[in-house]
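# just the structure for this:
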Amino acid sequence: KWSKSGHDGRVGKFSYFSTKYGHGTFVTATAIVEKLKSSGDAPTLSQFKIGDYVSLKDNRCGIIRYIGSTGIVKGCLIGIELDEKSPAGHDGRFGGKHYFECPDGHGLFVRVMDVVKVIKTAKQLEAE
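I've put the predicted structure just below:
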């Protein structure tokens, strides 16, 4: 739902997520009333491999091109080459470092919890 105090997932020059302008907001963990779960337990890093075709929480899809630390945030991130160009997308570079290659605007880093499921494994894609 649109809010005049909402945003598009960007704060200053940093993009944390992407949504329509006026639909984004940040909340504290205590403000969350209910946590919606997809089927099964939360995803773990071991479920994903470079080359897997995956679906993200926001219904976008793409191929995993990078798994590892980036210095962007603590912990591990997954670099995705999105099917469609994103306003918050990049070409696989971030902070002056090249992590993976993809068309400009199609690259995105996400946390493991943002990947909903593997649609096709890298092996399945290779067999096609």
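# hmm, residue 125 is touching residue 53, no?
Yes: the criterion here is CB atoms under 8 Å, and residue 125 meets it with residue 53 at 6.0 Å. Bear in mind the C-beta positions are built from the backbone N, C-alpha and C, glycine included.
# okay, those two: which has more neighbours?
residue 53 (18 against 13; other CB atoms under 10 Å).
# which residues does the more buried one contact?
61, 62, 63, 118, 119, 120, 121, 125 (CB atoms under 8 Å, 6 or more residues apart in numbering).
# look up how far residue 75 lies from the first one.
Spelled out, it's residue 61. For residue 61, the distance to residue 75 equals 23 Å [CB to CB, to the nearest Å].
# same deal with the fourth one?
Distance, residue 118 to residue 75, using CB to CB: 20 Å.
# same check on residue 84?
27 Å.
# do residue 7 as well
Distance, residue 7 to residue 75, using CB to CB: 24 Å.
# the two: which is more packed in?
residue 7 (16 against 10).
# show me what contacts the more buried one?
Residue 7 is in contact with 21, 22, 24, 25, counting by CB under 8 Å, 6+ apart.
# just put those residues in CSV and tack on pLDDT and distance to residue 101.
Shown next, in CSV, are the contacts of residue 7 (pLDDT from 0 to 100; distance: CB to CB, whole Å):
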residue, pLDDT, distance to residue 101
21, 76, 30
22, 77, 34
24, 77, 29
25, 76, 34
